[in-house]
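> Quick one, structure for this:
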Amino acid sequence: MVGLWVSKYQSLLYMHRTAYGNPHYINDIMENYYNVAGFGNRFGLGMTGNLKRIVAPDGSDDPFLYAIDDHTGGSDHEVFNDWG
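Residues are numbered from 1 along each chain as shown. Reported below is the predicted structural model:
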C-alpha cells in the first residue's frame, strides 16, 4: 500500500513478476532496481566504493524492505496482463 510505514508494521513492498506466458523485460529492470535500492539502504551497511544510499530528504531513513514473487494471478491488476 502506498504510504504505509513499512518498518513500523513489519511489512514488505512486493513486486509480482508477469506470468511466464507473458514475459516482459520490465521484470528484470524492476528486480535490479529493487536490489540496488534494497542493498543500498540496509542497516549497518558500510558505504564504500560506488554504492551510495538512496534516501529521501524528508524520509524515515528506514531500510527498503521488499520481496520479489512470481505471478500469482490473484490481483485486480490482472486486466493489465490481458493481451486482448
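
> Quick check: Ile26 vs Val36, distance?
15 Å (Cβ to Cβ, to the nearest Å). C-beta coordinates here come from the backbone N, C-alpha and C atoms, glycine included.

> Please identify which of these two sits among more neighbours.
More crowded of Ile26 and Val36, by other Cβ atoms under 10 Å: Val36, with 14 against 10.

> any idea which helix or strand carries the more buried one?
Here Val36 sits within helix 26-40, counting by DSSP states H and E.

> same thing with Ala67?
Ala67 belongs to strand 66-69 when assigned by DSSP H and E.

> which intervals of the protein have sub-threshold pLDDT?
Judged against pLDDT under 70, the low-scoring parts of the chain cover residues 1-3, 42-53, 75-78, 80-84.

> Dihedrals phi and psi, Leu13?
Per-residue torsions, Leu13: phi -90, psi 120 (degrees, to the nearest 10).

> give the contact list for it.
Residues near Leu13 by Cβ atoms under 8 Å, 6 or more residues apart in numbering: 6, 34, 64-67.

> Looking at those residues, state which has the most neighbours.
Counting neighbours by other Cβ under 10 Å, the top entry in the contacts of Leu13 is Phe64, with 20 neighbours.

> Look up how far Lys8 lies from Tyr33.
Noted for Tyr33: a distance of 24 Å to Lys8, by Cβ to Cβ.

> Please say which of these two ends up with more neighbours.
Shown here are Tyr33 and Lys8; by other Cβ under 10 Å, Tyr33 has more neighbours (12 against 9).

> Just the terminal-to-terminal distance for stretch 12-22.
The straight-line separation of the ends of stretch 12-22 (Cα to Cα, to the nearest Å) is 25 Å.

> tell me which residues in it are buried?
For stretch 12-22, a neighbour-count test (16 or more other Cβ atoms under 10 Å) marks 13, 16-17 as buried.

> Thanks again, I'm all set now.
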